[in-house]
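1. Quick check, what structure comes out for this input:
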Amino acid sequence: MQFCPGLLYLMLMPLSAAGGYPAQDQDPPPEKSAYFAYVDREFIFTIEVVKPGIPILNFVSLVDREENLRAKNILLAFSNRRVAPDIFHIEAARNRQPFKVTSLRMRPRSSFGFRLEGNFGKVEELHGVEIKLENEEFRLTALSKFDFETLALKVNRLNLGSPDFADDFRVLKLKSLGNRSSKRR
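-> All right, here's what the predicted structure looks like:
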């Protein structure tokens with residue numbers, strides 16, 4: 001499994017003795033950042049602003065069901081507004097043109113990365129990120145660049161064919177990050 005180039009670093013982060021992000025003797029997470037992540041035993045989402053106005057989203061689906069991810073269900077918070085991307089910009093294989101879509105299927109036990117396009121201006125840092133899937137909402141946590149790169153390295157070591165992701169999480173010392181809530185319709 002390989003993350004999109006800008007997110008290749010996501011997983012090297014040191015953990016505290018209690019297993020949290022960041023370690024308890026470190027500074028608290030930043031209020032705004034170019035790096036955000038959500039981690040649990042079903043999904044991993046990361047967003048990185050790689051250049052002004054250019055965020056990249058990576059996901060890892062650890063579940064055995066397919067989910068539909070829509071651009072309009074991703075909210076990036078800026079200092080004075082929240083904006084959903086218009087489209088996903090997906091780089092195709094060599095010698096093929098990139099393509100743009102408004103939604104994509106997150107296949108079971110898969111990972112993928114792509115650029116978000118929208119009215120982001122030249123923003124370099126975000127104040128928050130929310131992602132909605134069906135009846136669930138995921139709030140990503142702001143990370144420092146170092147913590148983000150640490151996380152990326154760990155995520156890249158996940159075995160999507162593993163019969164038990166609990167072992168992968170234990171060996172890689174991955175801990176939950178961000179918040180998840182159910183929304184009833």
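2. what about the residue nearest the centre of the chain, distance to Arg96?
-> To find the centre residue of the chain, average its C-alpha atoms and take the closest one (CA atoms, centre = their mean): that gives Thr46, at 1.6 Å. The gap separating Thr46 from Arg96 is 25 Å, by CB to CB, to the nearest Å. All C-beta spots, glycine's among them, are computed from the backbone N, C-alpha and C.
3. show me the contacts for the residue nearest to the centre of the chain.
-> With contact taken as CB atoms under 8 Å, 6 or more residues apart in numbering, Thr46 is in contact with 3, 7, 10, 35-38, 57-59, 140, 148, 151-152, 155.
4. likewise Gly178?
-> Shown here is Gly178, whose contacts under the criterion CB under 8 Å, 6+ apart are Ala37, Tyr38, Val39, Asp40, Phe45, Phe138, Arg139, Leu140, Thr141.
5. Same check on Glu91?
-> By CB under 8 Å, 6+ apart, the residues touching Glu91 are Pro98, Phe114, Arg115.
6. Mind pulling up the pLDDT for it?
-> Model confidence at Glu91, expressed as pLDDT, equals 89.
7. Next: the one 5 residues further on.
-> As predicted, Arg96 sits at a pLDDT of 83.
8. And the one 4 residues further on, by the same measure?
-> In this model, Lys100 is scored at 94, pLDDT.
9. Which helix or strand contains it?
-> Lys100 is located in strand 99-101, with elements delineated by DSSP states H and E.
10. Please apply the same query to Phe148.
-> Element membership of Phe148, judged by DSSP H and E, is helix 145-155.
11. in whichever helix or strand comes after that helix, what counts as buried?
-> As assigned by DSSP H and E, the chain's next helix or strand after helix 145-155 is helix 165-172. By neighbour count, and taking 16 or more other CB atoms under 10 Å as the criterion, the buried residues in helix 165-172 are Phe165, Asp168, Phe169, Leu172.
12. angle of helix 165-172 against helix 145-155?
-> For the pair helix 165-172 and helix 145-155, the angle between their directions (axes from the mean of the first three to the mean of the last three CA atoms, to 10 degrees) equals 130 degrees.
13. So for helix 165-172, mean pLDDT?
-> The model assigns helix 165-172 a mean pLDDT of 84.
14. just checking, what packs against whichever helix or strand comes after that helix?
-> Per DSSP H and E, the first helix or strand lying C-terminal to helix 165-172 is strand 179-182. Strand 179-182 sits against strand 136-139, with contacts defined as 3 or more CB pairs under 8 Å, 6 or more residues apart in numbering; DSSP states H and E.
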